[in-house]
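Student: what's the 3D shape of this:
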Amino acid sequence: MDEAHEADKADRRGTLARLERYYDAVPRSGARAEDFGPLTLFVREGDGAGWPYYARPTPGHRGPVTAADVDRVRARQRELAVPESFEWVAETTPGLRAAVEQTGLVVHEHPLICLLYTSL
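Tutor: Predicted structure coming up:
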C-alpha cells in the first residue's frame, strides 16, 4: 500500500477513536454508568425527565460481545423500565449487531457521516 493510503487509514482510525470517546463521555453528564463488562448501560439520573439513555460498548474492552451479555443488559433495562436500546459504531464494534439480533432485537442502521474540513 502506498503512503497516502496508510495515512488515510490512520486518519479514519483516529476519527473513529475520537467519536467513541465522545459517545461515551456525553451521557455521563446526565446519567450514571452501570458496568456490564463489554457493555456499559447509561441510566438517567434526577427527576426522570428527558431522553432515556442506552447501552453501548465499554471503552477499551477487547473481545467479543455475546448474546448473553446483551441479555444481561436487557434484563436490567426492563428492571429499570427504560427502553431496551443499544447504540454503537459498526466500524469499531462489528460483532455487536449479531449479538443484539440473537436476542430478538431489530437493528436499525443509521450511517455515520464525517465531514472533514481542511485548510487550503
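Student: only C-alpha atoms for contact and neighbour calcs from this point on.
Tutor: Fine.
Student: what number of residues lie near L105?
Tutor: Per other CA atoms under 10 Å, the neighbour tally for L105 reads 16.
Student: Can you report how many residues neighbour P64?
Tutor: 13.
Student: Make 11 the starting number, not 1.
Tutor: Shifting the count to begin at 11 puts that one at P74.
Student: For the closest residue to it other than its chain neighbours, give its distance to R54.
Tutor: Take P74 and drop its neighbours on the chain: the residue closest to it by CA to CA, 6 or more residues apart in numbering is G105, 6.8 Å away. Counting by CA to CA, to the nearest Å, the gap between G105 and R54 amounts to 27 Å.
Student: Contacts for the helix or strand hosting F52, please.
Tutor: Mapping F52 onto the secondary structure by DSSP states H and E places it in strand 49-54. The contact list for strand 49-54, computed with CA atoms under 8 Å, 6 or more residues apart in numbering, reads 37-38, 40-45, 62-68, 75, 79-80, 83.
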